[in-house]
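Peer 1: pasted the sequence and its predicted model underneath.
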Amino acid sequence: MRLGVAFGLALGAYLAINLLYTLALKRLVILDVMAIAAGFLLRVLGGAAAIPVAVSPWLLLCTGFLSLFLGFSKRRHELLLSPDATGGREVLAHYSPAFLDQMINVVTASTVVCYALYAVDAQTVAKFGSERLILTLPMVLFGIFRYLYLAYQVSDPRSPTDAILTDLPFLANLLLWAATAAAIVYAAP
């Protein structure tokens, strides 16, 4: 099986981003998290090239914003665990909780708006044969709000990203979202 040029380009770009991150970007405020988000986008592009399927711009937007949300949330958690920025990540010295809160607010809103627009987009409706995908928005909101609750209100040495993997309300919501989306997509119109 040949993976093709598109996969090779995505893989090459992914390796280049990782190398740049290791050499410099991990020390540059904002660019550190943007490089991580770019890595997730390149994984999506590489995976799509490997199968091969077309990548929806909405998938890229939602993945990008969600990756930024998770990345800035992780930086905030690391900073609060190590307020003197001696936790081994020198870029933390350039962040503050207030600044990260603003970044998190921007990408949280962007993620939700992007998902909502995707759910009602004419191409999405045509692809899935239903206008009801917007009914999954409350579950998306709950998932983000639950993550924020774990990040801001629960004292846990684990990162919120690790905490959600064992958080029953979050996991139940994820299953409900998947079941609802599947019912909407596969149910008769």
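Peer 2: Ah, there it is.
Peer 1: grab the nearest non-local neighbour of V120.
Peer 2: Nearest residue to V120, sequence neighbours excluded (CB to CB, 6 or more residues apart in numbering): I134, at 5.5 Å. Yep, even glycine has a C-beta here, placed from its N, CA and C like the rest.
Peer 1: where's the one you found relative to M103, distance?
Peer 2: When distance is defined by CB to CB, to the nearest Å, I134 is 27 Å away from M103.
Peer 1: just I51 next, same as before
Peer 2: With CB to CB as the criterion, I51 and M103 are 33 Å apart.
Peer 1: where do the helices sit along this protein?
Peer 2: 4-23, 31-50, 57-81, 97-120, 122-128, 137-152, 160-163, 168-186 (DSSP state H).
Peer 1: so which of those comes closest to V91?
Peer 2: Nearest to V91, of all the helices of the chain, is helix 31-50, at 5.1 Å by CB to CB.
Peer 1: same for the closest one, what does it pack against?
Peer 2: For helix 31-50, the packing partners by 3 or more CB pairs under 8 Å, 6 or more residues apart in numbering; DSSP states H and E come out as helix 4-23, helix 57-81.
Peer 1: now the angle from that helix to helix 57-81?
Peer 2: Here helix 31-50 runs at an angle of 150 degrees relative to helix 57-81 (axes from the mean of the first three to the mean of the last three CA atoms, to 10 degrees).
Peer 1: helix 31-50 vs helix 4-23, what angle?
Peer 2: Counting by the same axes, to 10 degrees, helix 31-50 lies at 160 degrees to helix 4-23.
Peer 1: of all the residues in helix 31-50, which ones are buried?
Peer 2: 31-42, 44-46, 48-49 (16 or more other CB atoms under 10 Å).
Peer 1: could you do stretch 66-78 as well?
Peer 2: Under 16+ other CB under 10 Å, the buried positions of stretch 66-78 are 66-78.
Peer 1: more neighbours: which of I51 and M103?
Peer 2: Between I51 and M103, counted using other CB atoms under 10 Å, M103 has the larger neighbour count: 19 against 10.
Peer 1: quick one, what contacts that one?
Peer 2: 30, 33, 68, 72 (CB atoms under 8 Å, 6 or more residues apart in numbering).
Peer 1: ok, so of those residues, who is nearest Y186?
Peer 2: Using CB to CB, those come closest to Y186 at L68, 31.3 Å.
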